[in-house]
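J.: Sequence first, then the predicted structure:
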Amino acid sequence: MKASKTKRAASWSDIKARLTRFDRDGLVGLVHDLYTANKDNQVFLHTRFGLAEES
């Protein structure tokens, strides 16, 4: 009988560990990809960096 392997779900710690391997250009590229992938990401980044338009 074959032993089943269970794979745990990825966590923030896993992502953080991978991010430490990026150089500056790699991180900027990643943020750009996230920015262009979804309108909600754009809103989040605008707000996070104080670029949201005041009403």
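T.: Here it is on my side, so go on. Residues are numbered from 1 along each chain as shown.

J.: What does Asp23 show for phi and psi?
T.: Per-residue torsions, Asp23: phi -90, psi 180 (degrees, to the nearest 10).

J.: what pLDDT does it get?
T.: Note on Asp23: pLDDT of 97.

J.: Quick check: the gap between it and Leu30.
T.: Taking CB to CB, to the nearest Å as the criterion, Asp23 is separated from Leu30 by 11 Å. (Each C-beta comes from the backbone N, C-alpha and C, glycine too.)

J.: what do you get for His46?
T.: Where Leu30 is concerned, His46 sits at a distance of 17 Å (CB to CB).

J.: who's more crowded, Asp23 and Leu30?
T.: More crowded of Asp23 and Leu30, by other CB atoms under 10 Å: Leu30, with 13 against 8.

J.: Have a look at the chain and report its longest helix.
T.: Secondary structure of the chain read by DSSP state H shows that its longest helix is helix 24-37.

J.: After that one, which helix or strand is next? Please name it.
T.: helix 39-48 (DSSP states H and E).

J.: Which elements pack onto that following helix?
T.: helix 24-37 (3 or more CB pairs under 8 Å, 6 or more residues apart in numbering; DSSP states H and E).

J.: Distance from the helix it packs on to the middle of the chain?
T.: Relative to its chain's centre, helix 24-37 lies at 9 Å (CA atoms, centre = their mean, to the nearest Å).

J.: Number the chain from 13, please
T.: Got it, the first residue is 13 from now on, which makes the last one we talked about helix 36-49.

J.: List the contacts of that helix.
T.: The contact list for helix 36-49, computed with CB atoms under 8 Å, 6 or more residues apart in numbering, reads 31, 34, 53-54, 57.
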